[in-house]
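J.: model the structure of this input:
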Amino acid sequence: MIIRKAQPNDMPQVLELIQELAVFENEPDAVVITAKDLVRDGFSEDPLFHCFVAEADQKIIGIALYYYRYSTWKGKTLHLEDLIVKENQRGTGVGYKLYSEIIRQGKRDQVRRIEWAVLDWNTPAIDFYKKTGAKVLSEWCVAQMDEEGIDLFLGNERQ
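T.: I've put the predicted structure just below:
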């Protein structure tokens, strides 16, 4: 197995892993992006994300997709959007190697914080993160507004 930077031709397999994650998180119909979207957004002149892939036998068995954010308190931070390992490869060390590569990338980029979200019911992931020295913050709540919420807000604002 090797860990390497993703290439545009990897995006169909990356999308398959994203869809597998959606099923794992009980949101099988939530993924609306396409491989073409991933190529456009990840490999343009100003990419919106970066991605490492774990590859074995010329098949992608895991990904770590990340992007940069800015904290008004800390400065440049790295946000790990998703760390996904194919179900039949979990427990083999693939996730640990991708996670380690993300931490090394953060160090290379001199970020002051690496952050990500984890579902509160995913106790194996939470336990893993804590064991590696990460803090799982229970006092912060994630707030999101989906397309419907955006439209509703803007519609109410016009009234």
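
J.: tell me which element Leu80 is part of?
T.: Following DSSP states H and E, the helix or strand that holds Leu80 is strand 75-85.

J.: who's in contact with that strand?
T.: Here strand 75-85 makes contact (C-beta atoms under 8 Å, 6 or more residues apart in numbering) with 17-18, 20-21, 49, 54, 61-71, 94-95, 98-99, 102, 105-106, 109-116. In this view, the C-beta of every residue, glycine as well, is placed from N, C-alpha and C.

J.: filter the residues you listed down to the buried ones, PyMOL style.
T.: To isolate the buried members of the contacts of strand 75-85 in PyMOL, using 16 or more other C-beta atoms under 10 Å:
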select buried, resi 17+18+20+21+49+54+61+62+63+64+65+66+67+94+95+98+99+102+105+106+111+114+115+116
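
J.: what about this protein, any weak spots by pLDDT?
T.: 158-159 (pLDDT under 70).

J.: quick one: the strands in it?
T.: Along the chain, the segments classed as strands by DSSP state E run 2-5, 50-56, 59-71, 75-85, 113-115.

J.: number of nearby residues for Thr104?
T.: Check again: residue 104 is Arg, not Thr. Arg104: 12 surrounding residues under other C-beta atoms under 10 Å.
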